[in-house]
Structures are given as C-alpha cells and as structure tokens.
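Asks: Give me coordinates for this.
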Amino acid sequence: MKIRIKGNTLRYRLTKSDVDKFLKEGYVEEIINFGNQALIYALKKASVNHLTADFQSNKITLFMPVSMAEEWTTTDQVGFENNEGPLYLLIEKDFKCLDNVAEDQNDNYPNPLALHKSL
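Replies: Below is the predicted model:
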C-alpha cells in the first residue's frame, strides 16, 4: 500500500495482494520507521456512510464503508473518493506504470492505458 499526502489530500493506492488481504481481513496497514518513531497508515472496513479519516498516535486510518469495500474488492471498480469537508480522500487500485521505473510492479494491476500505448 502506498500513501500520498499533498495539502489536504490523502490518497491510498493498493496492490493486488493488499486488496486481497483487505477483502479477507477488512484491514491492512503499513509502517514507516523514523528511528525511534513510526508513522502507521491503515485502511479499515467500518460502519460509516462514506470514506473518512482519522489521525491519532502517529496513525492515519482511512475508514471505508462496508458496502463500498465489498464493491471495490470484488469488481473492476478502480477507486472511490470523498471530497466533502476540508480533507479530500481517495482510495484506488495501484496500476503498473507505463514508463520504466525501478520499483517492482509485479503485484500491481494491469494498466488499462497500456493497450493504447502499444497501438
């Protein structure tokens, strides 16, 4: 799972195995260690009406409604967003980059634009 933060925008991108784990467990997290401190970011299935986020004790948790999580993990739905309020939230499946990158992308979803690039 990747996180991108810019201003009041919070974006999570999940690989295939992240999405599979989220489907089975309803929860997935990553930890970034900064010496003696850590930042945890997590996605949790919850009884909420829309995507919401919370930040407590060095942990960012993005809460996803149960029905939204079911649709997202079992269909080709790429992502969901919530732009109500001061924080813009986006959750999406992580596609393979069209450009060459050093990052291992074997667990990413096929990029739907890859077909157009090869034409």
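Asks: Poorly predicted segments of this structure, please.
Replies: Flagging of the chain using pLDDT under 70 yields the residue ranges 95-105, 107-119.
Asks: ok, 50 please
Replies: 118-119 (pLDDT under 50).
Asks: neighbouring contacts of the biggest strand by length in it?
Replies: When the chain is parsed with DSSP state E, its longest strand is strand 37-46. Contact with strand 37-46 is made by 1, 3, 12, 14, 22, 26-32, 52, 58-66, 69, 91, as judged by CB atoms under 8 Å, 6 or more residues apart in numbering. (Each C-beta comes from the backbone N, C-alpha and C, glycine too.)
Asks: got the residue ranges for the helices in this structure?
Replies: According to DSSP state H, the chain carries its helices in the segments 16-25, 66-74, 114-118.
Asks: Which neighbours in the sheet does the longest strand of the chain have, and how are they oriented?
Replies: strand 27-34 (antiparallel), strand 59-65 (parallel) (DSSP bridges).
Asks: Thank you kindly, that will do.
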